[in-house]
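> no FASTA, just this:
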C-alpha cells in the first residue's frame, strides 16, 4: 500500500496522509454499482426481516379456506387485502414471504458463522502445525470438495432426519472446505513474514500467534468468502426445503413454500412465482455484494 | 507423462477410501438397529436377530466391518434395495444413462450458448451486449434452479402448451432399451415420431440443468478472453495486420480455452447436484430422482450405494479432466 501512495501523482498534495482504511474501502466499493445495489437490497431484506411483526399484513400461518388461491390484487378476483394472493389453504403469501426473510437470513448467517468458526480454526491449525495434522485435515476437505455439495448435504440430512437445524448443519459442513483452505493459505503466507517472527522471538505462544497476530491479517478473504457463502447457504437450504428435507411445513421458509405450491403450478402461477423470486433476489444481492467486497478488499485485484 | 498419470491416479486412492468411509459411517448414524429397521414394523424373533447380526457381520469390531464393506464394494457388491430387492449396482446402471443423457445435453447447451456469448462480450467490452451477458449470467449463477424449472413449466407447458411437463417420452411409445440413451434408441427404432417426443421432453430439463453451467462458462470465457486479448502477442498479430477474426479465432481463443476447460470439468459436480433437483421437478427417471425417492422410502442401501457411486463418478471425471488438462498444457505436467 505504501508504494501505491508514494507513486500517486504529486498534484494533489505530496504530504497528504493516506485516507482512512474504511474511507478507502468505501471509495473502491461504491465505484461498483452492482455491489452498492446488492448492499441496498440486503439492507432492505434485513429491515423487512426485523420489522416483520409490524409490516406483515396477516399472520403467516393463519389459514382460511374460504379465500384459498386468491390471485394477486391486479388480477381479476384479487383484493388489496392480500396483495400477492393467497396459497392453497388461504394463507397470505406476502406475509409468508416477509416472515420467510427472517428464516433465510437466519439460515445464511448461522450456517456461515458455524462454517467460519470451525473452518478458521481447522485452517489455522493446519497452517501452523503442518505435517500429518495438515495432511489429514486437507485430505478430508478435498474429499468433501470432491462430492457434489448438494448430494453430500442430502445424504447427511437423510441420515440425521429432515428439519431446518439438520439442513443448516449439513450445508455448514458442505461449505466448510472453502474457509479451511483460505485460512490455511493465508496462514502460510503470513507466518513467513517478519512481524510473526518478531512476535515469536518476543515469546508469544502458538495460540497467541494464531489468533492475535495472524488471524487479523487474513480477515479480508474470509469476509469475501462469507458473503458468497451466505448466498450458497440460502440457496442450498432452500433446495433442501424444496426437496422436503429442510424446514418443514408450515414454516414459511421460501424453499418449503415452493415445495408446498408445486402441485398448484398449473392452476395458480403466483404461488410458485413469488417465493422463488424472493430467493433469486436475495441470493443475487449477496453475490453482488461478495463480488464488490472482493474487488474492494483484495489488494491483488486493485488497479 | 507416465509419471504424471501415475501420480494423479494414485492421488485418488485416499479420496476413494475417504468416500467409502463416509458412506460406511454415515449410515451408522441412522437411529435404530439396522437389522430391526430391515425387519420393519413386524418385529423380529430375538434368536433370529442374533443370527442375522452374525450373517451381516454386525457382531464384528467396527474396523473389521468396514474392511468387509470395502471388499464387497470393490467387488461391485453394494447391497440390495430394501424395497425392490434388486442389487443397487444394477438399478444404478439401468437409470444412469437417463442422467448422462440429460447432463450431456445440458453441458452442450451451456457450451453452445456460453462460449460465443463470452467471446463476443470480451471483444465488445463495455458494450450493451457485454453488460447484458454479465447481468444475465450473474442472475443465472444465483438461480434457484428448482424454481426456474417450475417457471419454465408455467411458461412453456401451461401458457403456450409447447413442451410436456414431465417424463422422458410419451407413454404411447415403448422403446426397447439398447443403449439406454433414448435419443439414440428412438433413432434405432422404426418410430421416427418417438424421437421427436423424446426431444420435446428433453428441452426444458436441459435448459434448467444447463443454466448454472451456462452462466459460469460465459463469465469464465469472457474473463479468460479479456486477459489473453491484452497480451503482447495479440498486439503483434494486430500490428502484422491480421484480420480481427483471425486474431480472435486462431490466436486468442486457443489460449483462452485452457482455463475454460478446467471450469467445464469442475461443472460436472455441479451438474450432478443440479440433476437431483431437475429430475425431481420433471419426474425424469434418472439416478437423482431415484436417490431422493430412496430417502423418502428409507431405503438406506440405495442411498448409501447410490451416493457412493455418484461420488466415484464425479471423482473419475475430475481425474480425467485433470489428465486431459495435463495433455493440453505441458506446464502442468512438470509441476509435480
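Yes, it's here. These numbers were taken from a predicted model, which means no experiment stands behind them.
> quick check: residues of the stretch 1-150 of chain A near chain B?
Counting by Cβ under 8 Å from any Cβ of the partner chain, the stretch 1-150 of chain A comes close to chain B at A:34, A:139-140, A:142-143, A:146-150. The way it works is simple: take the backbone N, C-alpha and C, and place the C-beta from them, glycine included.
> now with 10 Å, please.
Where the stretch 1-150 of chain A comes near chain B, counting by Cβ under 10 Å from any Cβ of the partner chain, the residues are A:34, A:38, A:135, A:139-140, A:142-150.
> can you tell me which of the residues you listed are in helices?
A:34, A:38, A:135, A:139-140, A:142-146, A:149-150 (DSSP state H).
> quick check: the two most widely separated of the residues of the stretch 1-150 of chain A next to chain B?
A:34 and A:135 (39.9 Å; Cβ to Cβ).
> neighbour count: those two, which is higher?
residue A:34 (18 against 12; other Cβ atoms under 10 Å in any protein chain shown).
> excluding its backbone neighbours, what's nearest residue A:190?
Distance criterion Cβ to Cβ, 6 or more residues apart in numbering or on different chains; nearest residue to residue A:190, sequence neighbours excluded, is residue A:214 at 4.7 Å.
> next, the contact list for the one you found, please.
A:124, A:127-128, A:183, A:186-191, A:193, A:195-196, A:199, A:208 (Cβ atoms under 10 Å, 6 or more residues apart in numbering or on different chains).
> ok, residue B:144 next?
A:234-236, A:238-239, A:242, A:254-255, A:258, A:275-280, A:282-283, B:150-151, B:277.
> show me where the stretch 101-250 of chain A has strands.
Ranges of strands in the stretch 101-250 of chain A, per DSSP state E, counting those that start in this stretch: none exist.
> ends of stretch B:181-193, how far apart?
16 Å (Cα to Cα, to the nearest Å).
> phi first, then psi, for the residue in the stretch 151-300 of chain A that chain B sits nearest to.
Closest contact between the stretch 151-300 of chain A and chain B, by Cβ to the nearest Cβ, is at residue A:276 (2.8 Å). Note on residue A:276: its backbone torsions stand at phi -70, psi -40 [degrees, to the nearest 10].
> so how many other residues sit close to the nearest residue to it once chain neighbours are set aside?
Spatial nearest neighbour of residue A:276, excluding adjacent residues (Cβ to Cβ, 6+ apart): residue B:147 at 2.8 Å. Residue B:147: 26 surrounding residues under other Cβ under 10 Å.
> just checking, what packs against whatever helix or strand residue B:147 lives in?
When elements are assigned from DSSP states H and E, residue B:147 belongs to helix B:145-152. With contacts defined as 3 or more Cβ pairs under 10 Å, 6 or more residues apart in numbering or on different chains; DSSP states H and E, helix B:145-152 has these neighbours: helix A:219-242, helix A:254-261, helix A:269-297, helix B:192-229, helix B:253-282.
> orientation of that helix relative to helix A:254-261 in degrees?
40 degrees (axes from the mean of the first three to the mean of the last three Cα atoms, to 10 degrees).
> I'd like the mean pLDDT over helix B:145-152, please.
Helix B:145-152 shows a mean pLDDT of 93.
> now the element after it, going C-ward?
helix B:182-188.
> just checking, what packs against that following helix?
helix B:88-123, helix B:192-229.
> quick one, which of the ones you listed gets closest to residue B:29.
Nearest of the helices and strands packed on helix B:182-188 (Cβ to Cβ): helix B:88-123, 19.2 Å.
> quick check: buried residues in the closest one?
B:88-89, B:91-92, B:95-103, B:105-107, B:109-111, B:114-115, B:117-123 (16 or more other Cβ atoms under 10 Å in any protein chain shown).
> list the contacts of the residue in chain B that chain A sits nearest to.
Nearest to chain A, among the residues of chain B, is residue B:147, at 2.8 Å (Cβ to the nearest Cβ). Going by Cβ under 10 Å, 6+ apart, residue B:147 touches A:238-239, A:242, A:254-255, A:258, A:272-273, A:275-280, B:208, B:277, B:281.
> and stretch B:115-134, average pLDDT?
pLDDT averaged over stretch B:115-134 gives 92.
> quick one: contacts of it?
By Cβ under 10 Å, 6+ apart, the list of residues contacting stretch B:115-134 reads A:34, B:114, B:136-137, B:214-215, B:217-229, B:244, B:247-249, B:252-253, B:256-257, B:260, B:264.
> how does it look with 7 Å?
B:217-222, B:225-226, B:229, B:248 (Cβ atoms under 7 Å, 6 or more residues apart in numbering or on different chains).
> near chain A, from those?
Among the contacts of stretch B:115-134, no residue sits close to chain A (Cβ under 7 Å from any Cβ of the partner chain).
> still on that earlier bit, for the residue of the stretch 151-300 of chain A closest to chain B, list the residues it contacts.
Counting by Cβ under 7 Å, 6+ apart, residue A:276 makes contact with A:258, B:144, B:147, B:151.
> low-confidence ranges, chain A, go.
A:1-16, A:298-303 (pLDDT under 70).
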